[in-house]
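Novice: Compute the structure for the input listed below.
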Amino acid sequence: MKCAALSMAGRAAKAFLQHNLSTNMKRIIYTLPAILLLCGTTRAMSQEFYKVSAGTGTYTDLVDPVVVIGDPSQIVNEFSGYGITGPFAMEAFGQKLDFSKQPAPMIFAGGFIGIDVPAKQRLYVFDGFTSKLAWRDSTTSVSLTLEGNPGDQILKVQWKNMGLTGNPAGDFVNMQIWLRDKDNSYEVHVGPNHVTGKAGYFGNNGPAIGGFVSNYDFSVVDVALHLSGNPATPGVNLTPTSFYPIASTPPNGTVYRFAYVKPASVESDLAKMGAVSFRPNPCTDRSLIELPDALNGMRPTLTVHDLLGREMLRMNEVASGDYIDRGTLPAGVYYVTLHQGSRSYTGGTLVVSR
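Specialist: Modelled structure (predicted):
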């Protein structure tokens, strides 16, 4: 059986799992007063986790992205969200975030990403260009790609040609958030924009860019990290609120990097492990399994999930040199997880041909 020919960019994008959450998750997630007014006591300093820098670069639209919001019916307002899961993990504000588990990260129409950590009853929020972003026309979309190999991947989420609620009809913005699993950093890339009004910025002069950790109703903010002042040479505001704006609209090509300062006591399993590999991949009827060196001799369990997050195949006590049989797996892209005792490791992707 011949293997399907997929480009590297196409495989990476399609490998990242996307799916709708229940209908009620697409409603207004948080009310505006909660976003603007509620605050709590800061329990940790955000600068302990990130070094912030501003620079310039060339903004490029994502190639062959997976669209998660593609029509106006999906945007009730800027707090409308779309759930995703997939083979990705990183650390933020001292917490390991595993995107393969539910509840999944939410991509919000308003220019931010929220990751739920039920064990802590907390939301970990990455603010990209957080504003009252809205549908503009048929070229408007929110999309994503996943590039690279496990342990060195970049999740790129793009808000394309978004309008701003309350602003003149000609106003628009483009923006991307990049999350890097290798070094746990994240970046905000500002694209072409034309902003002449302030209404889209919650009455302020600019968007919120940074991140914070909060409980579900935003009545307590544990840590906060937002840029402030001149967008070309911003300062950092650590005020424990869930929203803080920059002074004006950043120009096209601006790149903000939040470089993670890893606590010395925390070590990344993913960085140590590497990824399981398959040969061939894309596959024929079966593929040879090669485990990371750290798991050789440990006989882990291997699971295969489809793009709806369903477990399609499970192999117990796997070793390098074993084969994974396609069996009844339909053609498509699957993500693989390795399980050893109570611990799980992102294992990479498997492409099955027609």
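Novice: downstream neighbour of the worst-scoring helix or strand of the chain on mean pLDDT in the secondary structure list?
Specialist: Ranking every helix and strand in the chain by mean pLDDT, DSSP states H and E puts helix 32-37 at the bottom, with a mean of 28. Sequence order places strand 50-56 as the next helix or strand after helix 32-37, per DSSP states H and E.
Novice: how many other residues sit next to the residue nearest to Asn149 when sequence neighbours are not counted?
Specialist: Nearest non-adjacent residue to Asn149, counting by C-beta to C-beta, 6 or more residues apart in numbering: Ala275, 6.1 Å away. All C-beta spots, glycine's among them, are computed from the backbone N, C-alpha and C. When neighbours are defined as other C-beta atoms under 10 Å, Ala275 has 21 of them.
Novice: I'd like the numbering to begin with 859 instead of 1 from here.
Specialist: Done: numbering now begins at 859, and the last item shifts to Ala1133.
Novice: Tell me if Ala1133 really is in a helix.
Specialist: No - going by DSSP: H, G, I helix; E, B strand; the rest coil, the assignment for Ala1133 is coil, not a helix.
Novice: wait, doesn't it sit right on Gly1006?
Specialist: No - counting by C-beta atoms under 8 Å, Gly1006 is not a contact partner of Ala1133; they are 10.5 Å apart.
Novice: Pretty sure Gly986 sits against Ile1035.
Specialist: Yes - between Gly986 and Ile1035 there is a contact at 4.2 Å, judged by C-beta under 8 Å.
Novice: higher neighbour count, those two?
Specialist: Between Gly986 and Ile1035, counted using other C-beta under 10 Å, the more crowded position is Gly986 (29 against 25).
Novice: ok, that one - contacts?
Specialist: Residues in contact with Gly986, defined by C-beta atoms under 8 Å, 6 or more residues apart in numbering, are 969-971, 1015, 1017, 1033-1035, 1046, 1067.
Novice: Show me which of those residues are buried.
Specialist: Using 16 or more other C-beta atoms under 10 Å as the burial test, the contacts of Gly986 include 969-971, 1015, 1017, 1033-1035, 1046, 1067 as buried.
Novice: Which parts of the stretch 1109-1212 of the chain are strands?
Specialist: 1112-1118, 1135-1137, 1144-1148, 1159-1163, 1169-1173, 1181-1183, 1190-1198, 1201-1210 (DSSP state E, counting those that start in this stretch).
Novice: thinking again about what came up before, using CSV, lay out the contacts of Gly986 together with secondary structure.
Specialist: Output for the contacts of Gly986, formatted as CSV (three-state DSSP):
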residue, secondary structure
Gly969, coil
Phe970, strand
Ile971, strand
Val1015, strand
Trp1017, strand
Met1033, strand
Gln1034, strand
Ile1035, strand
Val1046, strand
Ile1067, strand
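Novice: Can you name the two of the residues you listed that sit furthest apart?
Specialist: Maximum pairwise distance among those (C-beta to C-beta): 14.3 Å, between Val1015 and Ile1067.
Novice: Three-state assignment for Ser931, please.
Specialist: helix.
Novice: What's the local residue count around it?
Specialist: Neighbour tally, Ser931, other C-beta under 10 Å: 10.
Novice: Now do the same contact list for it.
Specialist: Ser931 sits in contact with no residue, where contact means C-beta under 8 Å, 6+ apart.
Novice: State the pLDDT value of it.
Specialist: With respect to pLDDT, Ser931 scores 93.
Novice: That one and Asp974, how far apart?
Specialist: Note on Ser931: its distance to Asp974, by C-beta to C-beta, to the nearest Å, is 24 Å.
Novice: Is Tyr1102 in contact with Gly1087, as I believe?
Specialist: No - at 10.9 Å, Tyr1102 does not count as touching Gly1087 under the criterion of C-beta under 8 Å.
Novice: Below-threshold pLDDT in the chain: ranges please.
Specialist: 859-906, 1120-1132, 1165-1167, 1200, 1202, 1204-1205, 1212 (pLDDT under 70).
Novice: and the nearest residue to Glu1175 once chain neighbours are set aside, how many neighbours?
Specialist: Distance criterion C-beta to C-beta, 6+ apart; nearest residue to Glu1175, sequence neighbours excluded, is Arg1157 at 4.0 Å. Under the neighbour criterion other C-beta under 10 Å, Arg1157 is assigned a count of 13.
Novice: from the chain's centre, how far out does the helix or strand containing His1084 sit?
Specialist: In the assignment (DSSP H and E), His1084 maps to strand 1079-1086. Relative to its chain's centre, strand 1079-1086 lies at 19 Å (C-alpha atoms, centre = their mean, to the nearest Å).
Novice: Could I get the full set of helices for the stretch 859-1008 of the chain?
Specialist: With helices called from DSSP state H, counting those that start in this stretch, the stretch 859-1008 of the chain shows them at 866-873, 890-895.
Novice: on that earlier part again, and which of the contacts of Gly986 is nearest Tyr1114?
Specialist: Nearest to Tyr1114 among the contacts of Gly986, with distances taken as C-beta to C-beta, is Val1046, at 4.4 Å.
Novice: Leaving out sequence neighbours, find the closest residue to the closest one.
Specialist: In space, Val1046 is closest to Tyr1114, 4.4 Å off (C-beta to C-beta, 6+ apart).
Novice: still on that earlier bit, distance to Asp922 for the buried ones among the contacts of Gly986 - can I get that in TSV?
Specialist: Formatted as TSV, these follow (distance: C-beta to C-beta, whole Å):
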residue	distance to Asp922
Gly969	22
Phe970	24
Ile971	21
Val1015	15
Trp1017	17
Met1033	19
Gln1034	15
Ile1035	18
Val1046	22
Ile1067	27
